[in-house]
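Chemist: next comes the sequence, and after it the predicted model I'd like to discuss.
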Amino acid sequence: MSHKNETPILVASLLITAGLLGGGYWWLTRDSGVSLPGLGGNSSQTASPNPATSLPASTGAQFNNVQDVPAGFFSYGGSTTWAPVRGVIDPVMQQTFPAFQLRYTDPVGVPSSSGSGIAMLLNNQLSFSQSSRSLNSEEQQTAQQQGYSLKEIPVALEGLAIAVGTDLPVDGITLTQLRDIYLGNLTNWSQLGGPTLPIVPISRPTDGGTVEFFIDAVLGGAGLSSRVTIASTTTEALRLVDTTPGAIYYASAPEVVGQCTVKPIAIGRQPGQLVSPYAEPYIPPESCPAQRNQINSEALRSGTYPLTRRLFVVIREDNSQDQQAGEAYANLLLTQQGQQLLSEAGFVAIR
């Protein structure tokens, strides 16, 4: 008889307990984004204000923690700034995922650049592209006309460094002075406190992401002066800086800072605010290559170095295996292992 009376009470107690547990789980996951193991929580419920450039959810510590890495042969290409990534980091990815086969593809008839890579992606010549600039409205519009959208996934920070000859007794300039050099308003180093020596500004062609960024951020959208010497590659440009008295060049910091044949100089918004792209103390050419200058990661990360930008993996959102490959590639770079390797390659981790 006592067992019959206790049964309703027991059932009621179990229902109340279940309700309290369910309510507690709902409260925890509603605002905090906590995902409790085995209960199906979603740790990325909060919508990003700009999904086109949002970071994916955390992808884990190591490459082998990344899920949904597709098997197949995938072509990619784009910005030359990414050369250290392709040379050092991508082979490590492929050791971890041998079936995830990547091939860098050059454009035909034009130099490799962020713009040419995005154009090849739009023409279905690449599975995904690597960019050192953000997408522009024309590229987004072209994608929409083809029935899909483009998405850019930021994976690292990077800075532009200014290179001069190792013998030039100038250690830094302001952004205004840099602008005036490339607009043709400053033509001799004596105007900047240096020797009486013509300034020889060098640039790559204007269709690259680095040059587009420089024109926008430094020149305010104005075109390069006719006095600027155009070099087809950074390798050629650095050779010209080394062999041409008075030469100056700008490029991705990892391509400049560790070089033995040129000198990276400080830049700043004001004369008293010059910041070096390399970590102090400066290592002189005679100590190179046994020692090399290293990127000033702290200044790039904090924003005190005035010429910084983000690097993006660009994908087509078309529900294809190519999209899956591009997302997997970005997720690999966003692991702790990927971010560490990016730092070792001269870029700045964003996680």
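Modeler: Noted; the coordinates are in hand. Numbers count the residues shown, from 1 in each chain.
Chemist: so in this protein, where's the weakest helix or strand by average pLDDT?
Modeler: None of the helices or strands of the chain scores lower by mean pLDDT, DSSP states H and E than helix 2-32, at a mean of 40.
Chemist: just the element for the most centrally placed residue in the chain, please.
Modeler: Averaging the C-alpha coordinates of the chain gives a centre point, and the residue nearest to it by C-alpha atoms, centre = their mean is Leu311 (1.8 Å). Taking DSSP states H and E as the definition, Leu311 sits inside strand 308-317.
Chemist: give me the buried positions along that strand.
Modeler: Of the residues in strand 308-317, those with enough neighbours to count as buried (16 or more other C-beta atoms under 10 Å) are Thr308, Arg309, Arg310, Leu311, Phe312, Val313, Val314, Ile315, Arg316. In this view, the C-beta of every residue, glycine as well, is placed from N, C-alpha and C.
Chemist: out of those, which is nearest to Pro205?
Modeler: Checking these against Pro205 with C-beta to C-beta, the nearest one is Arg309 at 18.5 Å.
Chemist: surely that closest one meets Ala156?
Modeler: No. Contact status for Arg309 versus Ala156: not in contact, 9.9 Å apart, counting by C-beta atoms under 8 Å.
Chemist: identify the bridge partners of the residue nearest to the centre of the chain.
Modeler: Ala156 (DSSP bridges).
Chemist: OK, contacts around it?
Modeler: If you count contacts by C-beta atoms under 8 Å, 6 or more residues apart in numbering, Leu311 has them with Ser79, Thr81, Trp82, Gln130, Ser131, Ser132, Pro154, Val155, Ala156, Leu157, Glu158, Phe347.
Chemist: repeat for Ala237
Modeler: Contacts for Ala237 were tallied using C-beta under 8 Å, 6+ apart; they are Ile202, Ser203, Arg204, Ala231, Tyr249, Ala251.
Chemist: pretty sure the fifth one is in a helix, no?
Modeler: Yep, that's Tyr249 we're talking about. No. Tyr249 sits outside any helix when classified using DSSP: H, G, I helix; E, B strand; the rest coil, being strand.
Chemist: sorry, back to before: between the buried residues of strand 308-317, which is nearest Met120?
Modeler: Within the set of these, Val314 lies nearest Met120; the separation is 10.5 Å, counting by C-beta to C-beta.
Chemist: let's see which of the contacts of Leu311 end up in strands.
Modeler: Judged by DSSP state E, the subset of the contacts of Leu311 located in strands is Gln130, Ser131, Pro154, Val155, Ala156, Leu157, Glu158.
Chemist: sounds good, over and out.
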